[in-house]
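Peer 1: turn this into a structure:
(2 chains)
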There are 2 protein chains.
Amino acid sequence: MPYFDAASSAPLHPVARQALLASLDEGWADPARLYREGRRARLLLDAAREAAAEAVGCRPDELVFTSSGTRAVHDGMYGALAGRRRVGRHLVVSAVEHSSVLHTGGALEADGGEVTQVPVDRTGAVSPAAYAAALRPDTALACLQSANHEVGTVQPVGEVARACREAGVPLLVDAAQSLAWGPVEEGWSLLAASAHKWGGPAGVGLLAVRKGVRFAPRGPADERESGRAPGFENLPAIVAAAASLRAVRAEAAAEAARLRELVDRVRTRVAELVTDVEVVGDPVRRLPHLVTFSCLYVDGETLLHELDREGFSVSSGSSCTSSTLTPSHVLRAMGVLSEGNVRVSLPMGTESSDVERFLSVLPRVVSSVRERLGAPTPSPAPATPSPDLTVDALGRRCPIPVIELAKVITEVPLGGTITILADDEAARLDIPAWCEMRGQEYVGETRRERGSAYVVRRRS
Amino acid sequence: MPYFDAASSAPLHPVARQALLASLDEGWADPARLYREGRRARLLLDAAREAAAEAVGCRPDELVFTSSGTRAVHDGMYGALAGRRRVGRHLVVSAVEHSSVLHTGGALEADGGEVTQVPVDRTGAVSPAAYAAALRPDTALACLQSANHEVGTVQPVGEVARACREAGVPLLVDAAQSLAWGPVEEGWSLLAASAHKWGGPAGVGLLAVRKGVRFAPRGPADERESGRAPGFENLPAIVAAAASLRAVRAEAAAEAARLRELVDRVRTRVAELVTDVEVVGDPVRRLPHLVTFSCLYVDGETLLHELDREGFSVSSGSSCTSSTLTPSHVLRAMGVLSEGNVRVSLPMGTESSDVERFLSVLPRVVSSVRERLGAPTPSPAPATPSPDLTVDALGRRCPIPVIELAKVITEVPLGGTITILADDEAARLDIPAWCEMRGQEYVGETRRERGSAYVVRRRS
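Peer 2: Numbers count the residues shown, from 1 in each chain, chains lettered A, B, ... in the order given. This next block holds a predicted model:
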């Protein structure tokens, strides 16, 4: 039963399991105590910190263990923002950061601060020049992920770090998706990561803060972890996290090459095997194990459900699977299709045969979902096309508005327009994306009392 | 090698270990995902929540898992304070709360709020009437521990809860020390606890918030745990925490009776076997497994070190062992001796023979430390006592000032005074405590440029 959602959570690495078991008996006491059980726990904690710091590329006293990657991001951002409060309350982030970064930005805004989101190109990458231009004299902190969690695109961290250094702004790198594969490019000031993303246990995050970075921990005073991560240390899990990071790093180069080839195969073959599909993200500057594509005329939730029935666990950035009913902010920022979105992220050790089986199953699954939803099939144009048409898709959820649009596009002559009335948030992203894929012209959107009117001109 | 510091962290319960192992393979995926690995994780999480809620005595949807007891306290207090911000920014706590409660109070004060600390009597208990009197129309939250972590005294939670209900103030109960032994008395609004205190793994706390309690989670938005505990769920550990809570509860009644008898033995025998000792805390309304006593003329760090060499792991609230150089705020609030302080907290399953061995070792260890420090031994009064004497103990650390005082008390006649000059913080607590133990009169303290002058009148 292939699990292809390593980017959400990787299966526990055998070394993590082993280290966890071994330290359960030695690592339950309070490492702050001076008696033998405490001293043993302290030794384990110190050794884990050294191992993790080596993998991160920092000094052990620059690194603390938090209770999750989300906490590392929250507390790292708050600490850096508070430490530079005198400089200002402006924050720069990319538009495709993890929600933990964007939500901390949201909290800053609600509290009177200001956030600039640097846009990304169609591959999901920021431009270092655009990033540098967003830095201001009152910028307290800049944040950039090492690689995107939804589409795998690697960000130009080194160049952005140089721009930040020149501007005197500390850069926090969310390395959650990439730390298993290697250290982050030089130049960061703060770094956050999450153990369960590399095959370590849940309950452990990393926060590294370089010496010299102004940092004022948030919240009530606490003596644990240099005052940067309150609460009793999650010790056996910390040991397991550090041991497994070292283990995955030892395998990383060979495994990256192998998975990169498998992902290339998915990228090429999906485009061949499935009609009306958009493979997104940078094809080269990307994480080795992750690929995302979107299928027109399919809703993500049904697609995931059908793939799950076939034994494949994948995730989706489609609106249809999210509790918020809005499409992934990453896909939106990239301006790509969100309909029928599938993210495949291969855990280390994934068999080539499982990927082959996925490729053999996918076209059939997509076809059957399309059939059920009444997706358009090429049909001859009617005898006397009307010059303009209006389609009412109000109250209909993704992907129906796009399906309705595709069904009638040939009913208008070249140059004629179709107006689609829709109130599903996803339409705002998917109708322009469909036009781009189909060579049609997206004219624009007009807000209505209910939903919007999207106008498309037939060009092909 | 007996470990007598369960109140810091209990050894992992066998059921916790078993449950942790069993759920490592099933519980690593994201419980928010809809594929089978996610559904399995969700089932484990739901079952753990039900079991924990049953033990706490609340509805499953009132309980979330946090990453530690400290986080549960921090986030519970912040959430409740923010939820009632319109009412006011006044907080009521007992003077002997855990540092996580007091530090959150400190952060509130730094932010312009106000904190009232309700004093405790010499046993460490608050008076319900005094607590009720501290509640004001602008009180946003009241906090009271279920039992004290340093001396074991059980607080009158039920009565205080009634007073809070009448005043319309939510009561947060820090149940970290008592939850293993049974549910908290009825009437609380919020409850916090920590799994590693009951033999569960580190990395798991509980926060229960009763329906109808106004609560505004602190910090950036996050969808996990009803928005009350951000970050990926620490799942196998959560399963282990819930399973072990259920297991310790099944053993609690029998084990409480057995340990209560052992602790009674320690309380009686320590007072018989060791001279100049003060056993503190309520002898009856107390946790079954915990006893604290203080030995005159001994420094806590040396005592702990010597006991560790004899194979006993205990902790101390003496200033001499703390990084802050101030004696335990609990002992200070109780007005009892902090010198040579030892806390013995027996893990479930502690053998009677280990307690006997501790009692046989303790007198010798205390004597040898006293001898090394030059503690006073009864000596005949000098022929012509001077009416008043001054002892300069400036620059000398606890327990030296008290040792010097005790050495010269018989050198003044009855009614004569001794003035001790001292600048160790502990003297402020220990000199009056010594007077009370010795039947001497503590006259008072005068601040000096360096340290203080403490005046004692000989009465016996």
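Peer 1: give me phi/psi at the residue in the stretch 301-450 of chain A that chain B sits nearest to?
Peer 2: Here the stretch 301-450 of chain A gets closest to chain B at one residue, A:Ser313, 3.7 Å apart by C-beta to the nearest C-beta. Backbone N, C-alpha and C define where each C-beta goes, glycine included. Main-chain dihedrals, A:Ser313, degrees, to the nearest 10: phi -100, psi 110.
Peer 1: for the stretch 201-350 of chain A, give me the ranges with low pLDDT.
Peer 2: A:318-326 (pLDDT under 70).
Peer 1: helices along that one, start to end?
Peer 2: A:235-273, A:300-309, A:329-334 (DSSP state H, counting those that start in this stretch).
Peer 1: pick the most deeply packed of those helices.
Peer 2: Of these, the one with the most neighbours on average (mean count of other C-beta atoms under 10 Å in any protein chain shown) is helix A:329-334, at a mean of 24.
Peer 1: and the contacts of stretch A:389-405?
Peer 2: A:296-299, A:318-320, A:327, A:338-340, A:373-376, A:408, A:411-412, A:416-424, A:426-427, A:430-431, A:434, A:450-451, A:456 (C-beta atoms under 8 Å, 6 or more residues apart in numbering or on different chains).
Peer 1: and the stretch 101-250 of chain A, which of its residues are near chain B?
Peer 2: A:103-104, A:106-107, A:194, A:196, A:201-205, A:219-224, A:230-237 (C-beta under 8 Å from any C-beta of the partner chain).
Peer 1: from those residues, list the buried ones, please.
Peer 2: A:103-104, A:107, A:194, A:196, A:201-205, A:219-220, A:222, A:224, A:230-237 (16 or more other C-beta atoms under 10 Å in any protein chain shown).
Peer 1: strands - which of those land there?
Peer 2: Cross-referencing these against strands under DSSP state E gives A:Ser194, A:Gly205.
Peer 1: from A:Leu296, how far out is A:Pro183?
Peer 2: Distance of A:Pro183 to A:Leu296, given as C-beta to C-beta, to the nearest Å: 39 Å.
Peer 1: these two - which one has more neighbours?
Peer 2: A:Leu296 (25 against 17; other C-beta atoms under 10 Å in any protein chain shown).
Peer 1: distance of the nearest residue to the more buried one once chain neighbours are set aside relative to A:Thr417?
Peer 2: For A:Leu296, ignoring the flanking residues on the chain, the nearest one in space by C-beta to C-beta, 6 or more residues apart in numbering or on different chains is A:Asp276 at 3.8 Å. From A:Asp276 across to A:Thr417, the span is 22 Å (C-beta to C-beta).
Peer 1: what's the answer for A:Val279, then?
Peer 2: A:Val279 is 30 Å from A:Thr417, by C-beta to C-beta.
Peer 1: of these two, which one has the most company?
Peer 2: A:Val279 (18 against 15).
Peer 1: surely the more buried one touches A:Leu273?
Peer 2: No. With contact defined as C-beta atoms under 8 Å, A:Val279 does not count as touching A:Leu273 (11.4 Å).
Peer 1: residues shared between the contacts of these two?
Peer 2: Joint contacts of A:Val279 and A:Leu273 (C-beta under 8 Å, 6+ apart) do not exist.
Peer 1: who in the stretch 251-400 of chain A is up against chain B?
Peer 2: So far as C-beta under 8 Å from any C-beta goes, the stretch 251-400 of chain A lies against chain B at A:Glu301, A:Leu304, A:His305, A:Asp308, A:Phe312, A:Ser313, A:Val314, A:Ser315, A:Thr321, A:Ser323.
Peer 1: let's see it at 6 Å
Peer 2: Listed as neighbours of chain B in the stretch 251-400 of chain A under the rule C-beta under 6 Å from any C-beta of the partner chain: A:Asp308, A:Ser313.
Peer 1: list buried residues within the contacts of stretch A:389-405.
Peer 2: Using 16+ other C-beta under 10 Å, the buried ones in those are A:296-299, A:318-320, A:327, A:338-340, A:375-376, A:408, A:411-412, A:416, A:418-422, A:424, A:426-427, A:430-431, A:434, A:451, A:456.
Peer 1: tell me which of those fall in strands.
Peer 2: Filtering the buried ones among the contacts of stretch A:389-405 for strands - DSSP E - leaves A:Ile418, A:Thr419, A:Ile420, A:Leu421, A:Ala422, A:Val456.
Peer 1: using CSV, lay out the residues you listed together with distance to A:Arg71 and pLDDT.
Peer 2: Below are these laid out as CSV (distance: C-beta to C-beta, whole Å; pLDDT from 0 to 100):
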residue, distance to A:Arg71, pLDDT
A:Ile418, 48, 94
A:Thr419, 48, 95
A:Ile420, 43, 94
A:Leu421, 44, 95
A:Ala422, 39, 94
A:Val456, 45, 95
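Peer 1: tell me the one among these nearest to A:Gly113.
Peer 2: A:Ala422 (34.9 Å; C-beta to C-beta).
Peer 1: just give the closest residue to the most centrally placed residue in chain A, not the sequence neighbours.
Peer 2: With distances taken as C-alpha atoms, centre = their mean, chain A has A:His149 as the residue nearest its mean C-alpha position (2.3 Å). Ranked by C-beta to C-beta, 6+ apart and with sequence neighbours excluded, the top spatial neighbour of A:His149 is A:Gln177, at 4.9 Å.
Peer 1: go ahead and confirm the one you found touches A:Ala147.
Peer 2: Yes. With contacts counted by C-beta atoms under 6 Å, A:Gln177 reaches A:Ala147, the gap being 4.8 Å.
Peer 1: I'd say A:Arg459 and A:Gln440 touch.
Peer 2: Yes. Using C-beta under 6 Å, A:Arg459 is in contact with A:Gln440, at 5.3 Å.
Peer 1: from what I see, A:Glu185 and A:Gly158 are in contact.
Peer 2: Yes. A:Glu185 is in contact with A:Gly158 according to C-beta under 6 Å; the separation is 3.7 Å.
Peer 1: which of those two has more neighbours?
Peer 2: The residue with more neighbours, out of A:Glu185 and A:Gly158, is A:Glu185; 19 against 13, by other C-beta under 10 Å.
Peer 1: roughly how far does that one sit from A:Leu141?
Peer 2: Taken as C-beta to C-beta, the span from A:Glu185 to A:Leu141 is 18 Å.
Peer 1: and what of A:Leu108?
Peer 2: Applying C-beta to C-beta to A:Leu108 and A:Leu141 gives a distance of 9 Å.
Peer 1: what residues are shared contacts of the two?
Peer 2: A:Leu91 (C-beta atoms under 6 Å, 6 or more residues apart in numbering or on different chains).
Peer 1: those two: which has the busier surroundings?
Peer 2: A:Leu141 (32 against 21).
Peer 1: leaving out sequence neighbours, find the closest residue to A:Leu34.
Peer 2: Closest to A:Leu34 by C-beta to C-beta, 6+ apart is B:Leu304, at 6.3 Å.
Peer 1: for the helix or strand hosting A:Val402, list every residue counted as buried.
Peer 2: Counting by DSSP states H and E, the element that carries A:Val402 is helix A:400-408. Within helix A:400-408, the residues scored as buried using 16+ other C-beta under 10 Å are A:Ile400, A:Pro401, A:Val402, A:Ile403, A:Glu404, A:Leu405, A:Ala406, A:Lys407, A:Val408.
Peer 1: now render the residues you listed as CSV, adding pLDDT and distance to A:Ala125.
Peer 2: Compiled in CSV, the buried residues of helix A:400-408 are given as follows (pLDDT from 0 to 100; distance: C-beta to C-beta, whole Å):
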residue, pLDDT, distance to A:Ala125
A:Ile400, 90, 32
A:Pro401, 92, 29
A:Val402, 91, 26
A:Ile403, 92, 31
A:Glu404, 91, 33
A:Leu405, 93, 30
A:Ala406, 92, 30
A:Lys407, 90, 35
A:Val408, 92, 36
